[in-house]
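K.L.:
below is the sequence, then the predicted model.
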Amino acid sequence: MTEIRYTLMSDGSSDAALIPILDWLLIQNGIKYAIQSNRADLRRLRFPPKTLKERIRICVDLYPCELLFVHRDSERESRERRVVEINSAIQELIDSSAPLPHICVVPVKMTEAWLLFDEQAIRHAAGNRYGRHPIRLPRLNQIESIPDPKSILFQLVRESSGLRGHRLKRFPVNHHAYRVPEFLMDFSPLRSLPAFFALEGEIRNLILDQSWHINLELVE
């Protein structure tokens with residue numbers, strides 16, 4: 001075994017921002033192999049599956065992997081409710097004698113909440129890393145309770161760009177906002193957030209259960 005393949009079953013295009021976070025978590029928790037990631041955006045299929053169960057089935061068929069990450073924002077539901085939904089759907093699909101290792105990725109309330117903690121990364125993603133226009137990030141311990149973190153992220157990126165008038169109106173804020181993780185080397189501040197802490201705990205436990213923290217090439 002020289003690499004670990006994982007697939008992220010996403011809710012939308014913005015979920016690409018989760019890939020650097022998941023890579024970091026895997027490495028931080030003992031993965032020494034090369035990591036190959038795929039993001040499954042099933043909305044592009046001619047006939048997109050409608051139920052969670054069907055989405056998972058098609059995702060596994062199209063993107064074979066050793067580890068499946070299933071992302072669902074909590075939105076109006078609790079993280080615990082989303083985890084139960086995901087686990088129930090997987091149990092109906094997977095042969096219990098050969099279960100597919102999987103992790104539930106449930107940011108509270110949206111993925112964008114996990115991109116609101118580093119001012120310099122936001123400025124860099126906005127294309128104005130040396131800008132001095134003051135921006136106010138929400139307090140770290142409050143970002144999982146923000147009703148609409150996407151709008152906050154977009155506004156911070158606009159402000160960080162330093163643009164005004166027509167140039168600001170033409171600014172592709174969506175593209176720039178989801179580049180924030182590209183400029184982050186350390187996601188450890190997020191460990192103070194319950195949903196992120198729970199995600200890392202699940203990843204750590206699964207790595208230990210699968211013995212992926214041991215470099216089997218060296219053992220052999």
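P.N.:
Perfect, thanks for sending it. The shown structure was predicted, so the numbers you read here are calculated from the model rather than taken from an experiment. Numbers count the residues shown, from 1 in each chain.
K.L.:
can you tell me the element residue 6 falls in?
P.N.:
Using DSSP states H and E, residue 6 maps to strand 3-9.
K.L.:
buried set for that strand?
P.N.:
The neighbour-count check on strand 3-9 (16 or more other C-beta atoms under 10 Å) flags 4, 5, 6, 7, 8, 9 as buried. Every C-beta, even on glycine, is put in place using the N, C-alpha and C of the backbone.
K.L.:
same thing with stretch 185-195?
P.N.:
Buried, per 16+ other C-beta under 10 Å, within stretch 185-195: 187, 190, 193, 195.
K.L.:
and it, how far out from the chain's middle?
P.N.:
12 Å (C-alpha atoms, centre = their mean, to the nearest Å).
K.L.:
put the alpha carbons of it into CSV.
P.N.:
Extracted in CSV, the C-alpha atoms of stretch 185-195 (Å, rounded to 0.1, in the frame of the first residue of the first chain):
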residue,chain,number,x,y,z
MET,A,185,-1.1,25.8,6.3
ASP,A,186,-2.6,25.3,9.8
PHE,A,187,-6.2,24.5,10.6
SER,A,188,-5.5,23.8,14.3
PRO,A,189,-7.5,26.9,15.5
LEU,A,190,-10.6,25.1,14.3
ARG,A,191,-10.1,22.4,16.9
SER,A,192,-11.9,24.6,19.4
LEU,A,193,-15.1,24.2,17.4
PRO,A,194,-17.3,21.3,18.4
ALA,A,195,-18.1,20.1,14.9
